[in-house]
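Undergrad: Make a model of this:
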Amino acid sequence: MASSASPFWVIMWRVPRVTAAEGNLPPGADLSLTLPVPPRVALLTIPPRIFPGRTTPNNFPSVLTVDASGHLLLKANQGPATGPTVIDLPGHQEFCWRPTVAGYFVLDAKSASAIALPNTKYIMHPSHLGLVASPTDDGHYMVAELQMIIGGDTADLLCFSSQTGEWVSKDVPYPLPPRPLSPNGIVSLSGRLWWVDLSWCLLTCDPFADAPVLTVVPLPEGKALEYGEAGGLLDKYRCVGVSAGKLRFVDMYKNHNTSGAAQISVWTLADPDSTEWTLEYEATFGEICNDASFKATGLPRKIPVLALIHPTNPDVLYFFLDEHMVGVDVRARKVVECEVYELVEPPREHVSSCFVHAWQLPRALCSGSAKETEDDGMNDELQQLRL
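TA: Predicted coordinates for the structure are as follows:
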């Protein structure tokens, strides 16, 4: 099925490939990218000097966040730890044993370069670590981790600035009651970071501010769950993403219409300062599967796994269904794209929305990305972008 997606964005797979040898990349490059038109999946390739271990289901490098500036935040363990970790920061002293030496890198896709973040021992939870470009578009970015203690009324915002090259810790009032914040991803929008708990709420702040303030954005009414409910499942049936410049909440979990049919709902946050969601549209899976466009795929009638929302067209969602990535115009109840997808890890039965990013490419990469072609109704071979 021919793709109708824009070549200015890609579906970025979270787990990179690791080359067998340094010479498998272009001279001087720290990375390469395969950037096919959606619904095929884009892949990052890195050398063993960035990830020296062997990729396994339990040990693999991970793209934590992507940004339209061309920066990617990568976690890549540097091998087994050989001693204790000692942290000595104002207000944070700790002596602990960690099984591996954590490595974090900011990748610049435009220059194919990688910068290793210093003093990564300060990072406590990679799932609470994000990257956001400066809203002034000056090439500056901030890496930030929200570090909280359950029951505390303050938290630490650990920030690394590309301008200073140093970490600083900022005290922030913590507005949530005593309950762990489930790490379901981090989204950047309008110079802010948004920490997503798909069972409860979102937290947002401006990490560039001298005194950041955390704001709570509850999920739509009736969507909050008890802590631990649907543990390990929610990122298969819910996601939060940016589409057409606004935050969107997509929900499939135990979501039924008045007749009891399984459905999908999409909600919108009107602007970054809003804390109330507006329901955009709903559709049942039966309506989608009954359409001729779905029947033409030959795929089975079953509830798929949610992948992501199109970054510029909020009517289009992507799903994992068996070995296929399927794009659906949910408002129109029509399949618009369908392709077999490739992956490095994990096994297909474990895929979810946390393993893909909707990445809007910087202008410098758009001209070199794979162009849409047709060959018997299928996209042509992928173009390998060697930076």
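Undergrad: Could you confirm A144 falls within a strand?
TA: Yes: judged by DSSP: H, G, I helix; E, B strand; the rest coil, A144 forms part of a strand.
Undergrad: Tell me the secondary structure at F294.
TA: Following three-state DSSP, the label given to F294 is helix.
Undergrad: Tell me how many other residues crowd it.
TA: Burial of F294 is recorded as 21 neighbouring residues (other C-beta atoms under 10 Å). Where C-beta positions appear, they are placed from N, C-alpha and C, glycine not excepted.
Undergrad: Skipping adjacent residues, who's closest to it in space?
TA: What sits nearest to F294 in space, not counting adjacent residues and going by C-beta to C-beta, 6 or more residues apart in numbering, is V335, at 4.9 Å.
Undergrad: most distant residue from the middle of the chain?
TA: Relative to the centre of the chain, and counting by C-alpha atoms, centre = their mean, the farthest-placed residue is S259 at 33.6 Å.
Undergrad: Shouldn't it be within a helix?
TA: No: S259: not assigned to a helix; according to three-state DSSP it is coil.
Undergrad: where does the stretch 201-350 of the chain have low pLDDT?
TA: Along the stretch 201-350 of the chain, segments meeting pLDDT under 70 span 344-347.
Undergrad: Do a quick rundown of the strands in it.
TA: In the stretch 201-350 of the chain, the strands defined using DSSP state E, counting those that start in this stretch lie at 201-205, 215-218, 238-243, 246-251, 263-269, 277-284, 305-309, 316-321, 324-329, 334-340.
Undergrad: May I see these organised as JSON lines, with distance to H71 added?
TA: Formatted as JSON lines, the strands of the stretch 201-350 of the chain follow (distance: least, C-beta to C-beta, whole Å):
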{"stretch": "strand 201-205", "distance to H71": "19"}
{"stretch": "strand 215-218", "distance to H71": "24"}
{"stretch": "strand 238-243", "distance to H71": "16"}
{"stretch": "strand 246-251", "distance to H71": "20"}
{"stretch": "strand 263-269", "distance to H71": "24"}
{"stretch": "strand 277-284", "distance to H71": "29"}
{"stretch": "strand 305-309", "distance to H71": "19"}
{"stretch": "strand 316-321", "distance to H71": "23"}
{"stretch": "strand 324-329", "distance to H71": "25"}
{"stretch": "strand 334-340", "distance to H71": "27"}
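Undergrad: neighbouring contacts of the helix or strand where F160 lies?
TA: Per DSSP states H and E, F160 falls inside strand 154-161. Applying C-beta atoms under 8 Å, 6 or more residues apart in numbering, the contact partners of strand 154-161 are 91-92, 117, 122-123, 140, 142-149, 166-174, 205, 207, 212, 214.
Undergrad: Now, of these, which are buried?
TA: 117, 122-123, 142-148, 167, 169-170, 172, 174, 205, 207, 212, 214 (16 or more other C-beta atoms under 10 Å).
Undergrad: returning to that earlier point: so what secondary structure elements neighbour whichever helix or strand comes after the strand holding F160?
TA: Next in sequence after strand 154-161, counting helices and strands by DSSP H and E, comes strand 167-173. Using 3 or more C-beta pairs under 8 Å, 6 or more residues apart in numbering; DSSP states H and E as the contact test, the elements touching strand 167-173 are strand 154-161.
Undergrad: ok, now with 10 Å
TA: Secondary-structure packing of strand 167-173 (3 or more C-beta pairs under 10 Å, 6 or more residues apart in numbering; DSSP states H and E): strand 85-89, strand 141-148, strand 154-161, strand 201-205.
Undergrad: worst average pLDDT in those?
TA: Sorting those by mean pLDDT places strand 85-89 lowest, at a mean of 68.
Undergrad: how many other residues sit next to K295?
TA: 12.
Undergrad: again with T136
TA: 9.
Undergrad: mind checking which helix or strand it is in?
TA: Counting by DSSP H and E, T136 is part of no helix or strand.
Undergrad: contacting residues for it?
TA: Residues counted as contacts of T136 (C-beta atoms under 10 Å, 6 or more residues apart in numbering) are G191, F208.
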